[in-house]
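S.K.: only geometry, no sequence info:
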């Protein structure tokens, strides 16, 4: 468990120069996590995509990269992926949830050649957003990701907020 945590946080298998380069990025993401607690969501309210977009923009804003562009094709892919996760949780899916967004993006006509899926799922919407940010700690500051799409939904059976963010680019 400790080893997995250290690997997740970049503790093993990295050269010292990697720590210097990613130290400020990690600091920005930690600050985004801390300040995302300031996003007040009523317990019964569903976090909408605007909340997720604001937190994502804040995390990306602390890097040297250009802001991400909200792309309708990438958003549609995020919707499809999040629905597949929701169906799986409901035991109504015919397949396991979609893990790789790139084939679907290509089917939808997206021309980029790189994509990653960031997900968060918790009963508390703010915690679901934090989970998504933690999953994307290395991808959000990657300047080759230029487009994004967000889908937020609530699974009625579990009461969990399901958040899917797709980052895409070339």
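M.R.: Sure thing, it's come through. Predicted, not measured: the structure shown is a model, and the values here were computed from it. Numbering: from 1, shown residues only.
S.K.: residue closest to the middle of this protein?
M.R.: The chain has residue 118 as the residue nearest its centroid, 3.0 Å off, counting by Cα atoms, centre = their mean.
S.K.: That one - that's part of a strand, no?
M.R.: Yes. Counting by DSSP: H, G, I helix; E, B strand; the rest coil, one finds residue 118 located in a strand.
S.K.: I'd say it and residue 151 touch.
M.R.: No. Using Cβ atoms under 8 Å, residue 118 makes no contact with residue 151, being 11.4 Å away. To be clear about C-beta, it is placed using only N, CA and C from the backbone, and glycine gets the same treatment.
S.K.: From residue 157, how far out is the residue nearest to the centre of the chain?
M.R.: Distance of residue 118 to residue 157, computed by Cβ to Cβ, to the nearest Å: 23 Å.
S.K.: repeat for residue 102
M.R.: Applying Cβ to Cβ to residue 102 and residue 157 gives a distance of 30 Å.
S.K.: Between these two, point out the one with more neighbours.
M.R.: residue 102 (17 against 10; other Cβ atoms under 10 Å).
S.K.: Leaving out chain neighbours, which residue sits closest to that one?
M.R.: Here the nearest residue to residue 102 in space, its sequence neighbours aside, is residue 115; by Cβ to Cβ, 6 or more residues apart in numbering that works out to 4.3 Å.
S.K.: what does residue 95 give?
M.R.: residue 84 (7.2 Å).
S.K.: phi, psi of residue 99?
M.R.: For residue 99, the backbone dihedrals are phi -110, psi -30 (criterion: degrees, to the nearest 10).
S.K.: Stretch 155-170: which residues count as buried?
M.R.: Going by neighbour count (16 or more other Cβ atoms under 10 Å), the buried part of stretch 155-170 is 155, 160-169.
S.K.: How about stretch 94-106?
M.R.: 97-98, 101-102, 104-105.
S.K.: List the contacts of that stretch.
M.R.: The contact list for stretch 94-106 (Cβ atoms under 8 Å, 6 or more residues apart in numbering) reads 73-74, 77-78, 80-81, 84-85, 87-88, 112-117, 166, 168.
S.K.: quick check: mean pLDDT across it?
M.R.: Stretch 94-106 shows an average pLDDT of 95 in the prediction.
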